[in-house]
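**Student:** structure, please.
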Amino acid sequence: MVDYHNEAQDAVVIEKEDALRMHNQLGNDYDNVVKGAQAAADYDHQDLGVVAAFRKHWKAALWSIGLSTALVMEGYDVVVINSFYGSNAFIDRFGTVLGNGEKVITAPWQTGLSNSALVGEVFGLMLQGYASDRWGYRPVYMASMAFMTATIFMPVFAISLPMLSAGEILMGVPWGVFQSLTTTYAAEICPIMLRPYMTSYVCFCWGLGIFLSSIVVRATLNMEGQWAWRMPFALQWVWPIPLLLIAYFAPESPWHYVRKGRYEDAKASLRRMQTKSSGEDESHIENQVDFMKHTNALEIAEQAGASYRECFRGTSTRRTLLVCVVYSLQWWCGNPLMSYAVTFFRRAGLSQNNAFNLNIVMNTTYMIGTVTSWFLLRGMGRRTLYLLGAVLCCVHLIIIGTLGCFESQAVSWATGAILISFALFYNCTIGPGAYTIIAEIPSTRLLARSIGLARLTYVLTGLITNTLTPRMLSPDAWNWGARGAFLYLGTCGIILVILFFGLPESRNRTSAEMDELFAHGVPARQFASTEVSLYQANNHNSHSSTASSHLQADQEVKDEKNPADGVHILTSDASQ
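**Tutor:** Purely as a prediction, here's the structure:
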């Protein structure tokens with residue numbers, strides 16, 4: 001911690017203009033807000049274990065879990081589509097006969113169907129950032145769920161591949177909304193101690209959808225006729241109504257209310273998430289609102305607004321690019337190969353039923369990995385875990401690519417086994433870790449838009465990889481087989497280097513602390529060791545000379561400061 005009375009220590013003081021803007025926004029309540037914000041920040045920094053954190057804040061956790069369950073539908077549909085490429089009933093209905101007499105879903109149509117939902121997500125992502133900022137998360141969530149209910153009709157009753165593709169595009173719009181909205185909502189309603197678990201739970205939901213879809217597809221394999229592939233689509237109607245009701249009764253994000261100046265509504269929202277076992281009283285709720293007011297004022301002082309344009313101004317540019325790169329690694333690490341595991345299993349000589357059985361086993365790693373990541377994120381932190389995940393993916397890709405240089409049934413077996421191992425390590429590290437990182441890097445005012453842009457990068461990257469992967473694996477196109485892993489080895493390696501130098505550690509950091517670490521240009525590898533003190537509440541009248549001496553001392557050491565020694569943000573006496 002930086003001590004102003006210790007001349008050996010260096011300090012960085014918030015820009016005078018920014019401090020004055022904060023004081024003008026908070027007015028006469030400035031000192032009380034700073035004091036309450038400091039109390040809330042100290043409370044949030046408590047070191048609780050996974051079980052204790054859930055026991056203390058189970059209401060907030062349940063609301064977050066309820067809304068995040070919407071991602072089950074997207075995970076479900078993504079794998080349903082890819083699994084149909086190995087389904088006899090689907091191939092018989094929509095397949096094309098090749099020159100050798102084999103009937104397949106051609107690579108161009110595999111690309112088109114796999115990318116259709118991603119195209120729709122682009123519109124949903126851009127819509128969500130604007131709509132949730134204006135109307136709040138709950139209304140946007142409920143409207144999207146109602147739209148989702150209507151769009152399911154098209155794939156269920158599709159009579160051609162173009163019609164099926166159009167249905168996927170329409171369903172992609174609400175999925176784009178859910179992808180960014182649920183992560184933002186979880187990050188805003190949960191305290192720091194729950195934030196990594198609830199943001200990464202989004203990945204658990206996505207994995208649960210994949211797992212359920214693999215079970216449904218396996219169960220319908222032996223069905224005759226069109227309902228072998230229509231039924232999996234129709235089962236998606238199970239979700240919208242219950243989830244819409246959950247959103248109707250859920251509390252709105254208190255951060256949304258604070259940004260709109262509706263402080264009493266923010267307090268009411270916090271009371272709904274309060275538990276008897278937490279030991280929190282009304283003063284704690286007041287402190288939490290003060291913390292949000294202080295953080296919001298700090299970000300307003302440093303940002304001209306909260307538009308998409310602001311995501312690429314000043315220090316926000318660094319933060320936006322980081323979350324985009326982090327999210328894109330979920331594709332570039334070789335993850336698309338897992339979607340085609342059934343193809344490798346069939347080439348290994350497995351029957352259709354056994355190939356899908358083994359695919360179910362692989363898909364359990366999404367849930368196992370996410371729960372495991374909760375403990376790894378707590379023990380290792382975000383940066384270390386994510387970089388380790390990238391390294392492990394590179395190792396697996398080297399093995400898969402090498403196996404692809406040989407052709408035999410044993411090699412196909414080995415490739416399938418390595419893919420299962422790949423899936424497990426991916427889902428312990430990169431899969432859930434990305435959701436936590438992208439929720440902690442942006443500022444709170446730009447959180448929804450930053451996550452939307454990150455997810456947009458993810459979608460656009462997916463469009464590219466979903467175009468490349470079928471062509472790499474399909475016998476009617478490039479026919480690289482497992483050697484396609486070498487392409488992803490290159491992309492994963494490049495991003496690993498970028499993140500080694502650019503990805504900071506955000507564990508146990510409040511939003512305001514992250515704001516100032518970025519504002520002062522602290523190097524990524526020094527985020528964990530840099531101490532930040534945001535609150536120094538002094539009496540304006542009696543300590544004005546002290547504040548002036550602090551500012552003078554800071555100016556004298558300005559040229560010699562070392563960010564790793566500590567960052568001390570003077571947010572009181574802003575009017576001096």
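
**Student:** residue 129 falls within a strand, correct?
**Tutor:** No. According to DSSP: H, G, I helix; E, B strand; the rest coil, residue 129 belongs to no strand; its state is helix.

**Student:** what sits against it?
**Tutor:** By CB atoms under 8 Å, 6 or more residues apart in numbering, the contact list for residue 129 reads 180, 308, 448-449, 452-453. Placement of C-beta: from N, CA and C, glycine included.

**Student:** put the buried members of those residues into a ChimeraX selection.
**Tutor:** In ChimeraX, this line selects whichever of these come out buried by 16 or more other CB atoms under 10 Å:
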select :180,308,448,449,452,453
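
**Student:** now residue 192. Nearest residue, chain neighbours left out?
**Tutor:** residue 44 (4.5 Å; CB to CB, 6 or more residues apart in numbering).

**Student:** ugh, typo on my part, it should be residue 438
**Tutor:** Spatial nearest neighbour of residue 438, chain neighbours left out: residue 323 (4.3 Å); criterion: CB to CB, 6+ apart.

**Student:** what's the burial count for the one you found?
**Tutor:** Counted with other CB atoms under 10 Å, residues neighbouring residue 323 total 25.

**Student:** for it, which residues are in contact?
**Tutor:** So residue 323 contacts 437-438, 441-442, 450-451, 453-454 (CB under 8 Å, 6+ apart).

**Student:** now it: which helix or strand?
**Tutor:** helix 315-332 (DSSP states H and E).

**Student:** same question, residue 495
**Tutor:** Per DSSP H and E: helix 485-502 holds residue 495.

**Student:** and the residue lying closest to residue 265 once chain neighbours are set aside, what pLDDT?
**Tutor:** Distances taken as CB to CB, 6+ apart place residue 257 nearest to residue 265, at 4.3 Å, with adjacent residues excluded. Looking at residue 257, its pLDDT stands at 94.

**Student:** also the one 5 residues further on?
**Tutor:** Looking at residue 262, its pLDDT stands at 92.

**Student:** buried set for the helix holding residue 495?
**Tutor:** Buried residues in helix 485-502, counted by 16+ other CB under 10 Å: 485-489, 491-493, 495-496, 499, 502.

**Student:** and for stretch 226-235?
**Tutor:** For stretch 226-235, by 16+ other CB under 10 Å, it's 228-230, 232-233, 235.

**Student:** how about the closest residue in space to residue 405 that isn't next to it in sequence, what does it touch?
**Tutor:** In space, and not counting its chain neighbours, residue 405 is closest to residue 483: 6.4 Å by CB to CB, 6+ apart. Neighbour list for residue 483: 401, 404-405, 472 [criterion: CB under 8 Å, 6+ apart].

**Student:** how near is residue 445 to residue 320?
**Tutor:** 13 Å (CB to CB, to the nearest Å).

**Student:** to clarify, my last question referred to residue 351.
**Tutor:** Going from residue 351 to residue 320 by CB to CB gives 48 Å.

**Student:** out of those two, which sits in the more crowded spot?
**Tutor:** residue 320 (23 against 11).

**Student:** residue 312 is in contact with that one, correct?
**Tutor:** Yes. With contact defined as CB atoms under 8 Å, residue 320 reaches residue 312; the gap is 6.2 Å.

**Student:** contacts for stretch 504-520, please.
**Tutor:** 12, 14, 37, 41, 44-45, 47, 192, 196, 291, 294-295, 298-299, 302, 315, 318-319, 322, 377, 381-384, 437, 440-441, 443-444, 522, 524-525, 527-528, 530, 532, 534, 563, 567, 569.

**Student:** show me what counts as buried in it.
**Tutor:** Buried-residue list, stretch 504-520, by 16+ other CB under 10 Å: 504-520.

**Student:** mean confidence (pLDDT) on it, please.
**Tutor:** Rounded mean pLDDT across stretch 504-520 is 86.

**Student:** distance from the chain centre to that stretch, please.
**Tutor:** Centre-to-centre, stretch 504-520 and its host chain are 17 Å apart (CA atoms, centre = their mean, to the nearest Å).

**Student:** can you check stretch 357-377 too?
**Tutor:** With CA atoms, centre = their mean, you get 17 Å for stretch 357-377.

**Student:** now swap in stretch 335-350 and tell me
**Tutor:** 27 Å.

**Student:** where does pLDDT dip in the stretch 1-150 of the chain?
**Tutor:** Across the stretch 1-150 of the chain, the ranges flagged by pLDDT under 70 are 1-19, 21-22, 47, 86.

**Student:** change it to 90
**Tutor:** 1-58, 73-123, 125-130, 133-134 (pLDDT under 90).

**Student:** what are the ranges of the strands in it?
**Tutor:** 96-97, 103-104 (DSSP state E, counting those that start in this stretch).

**Student:** turn the ones you listed into CSV, including mean neighbour count and distance to residue 426.
**Tutor:** Formatted as CSV, the strands of the stretch 1-150 of the chain follow (neighbours: other CB atoms under 10 Å; distance: least, CB to CB, whole Å):
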stretch, mean neighbour count, distance to residue 426
strand 96-97, 12, 32
strand 103-104, 14, 28
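
**Student:** next, format those as CSV and append distance to residue 126.
**Tutor:** Compiled in CSV, those are given as follows (distance: least, CB to CB, whole Å):
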stretch, distance to residue 126
strand 96-97, 35
strand 103-104, 35
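
**Student:** among those, which is nearest residue 346?
**Tutor:** Comparing the strands of the stretch 1-150 of the chain against residue 346 with CB to CB, the closest turns out to be strand 103-104 (11.7 Å).

**Student:** helices and strands around that closest one, which ones?
**Tutor:** Using 3 or more CB pairs under 8 Å, 6 or more residues apart in numbering; DSSP states H and E, the elements in contact with strand 103-104 are helix 88-94, strand 96-97.

**Student:** looking at the ones you listed, which is nearest to residue 252?
**Tutor:** Taking those one by one with CB to CB, helix 88-94 is closest: 42.2 Å.

**Student:** which elements pack onto that closest one?
**Tutor:** Under the contact rule (3+ CB pairs under 8 Å, 6+ apart), helix 88-94 is packed against strand 103-104, helix 227-234.

**Student:** so after the last one, what's the next helix or strand?
**Tutor:** Just to be clear, that refers to helix 227-234. Heading C-terminal from helix 227-234, the first helix or strand you meet, by DSSP H and E, is helix 240-249.
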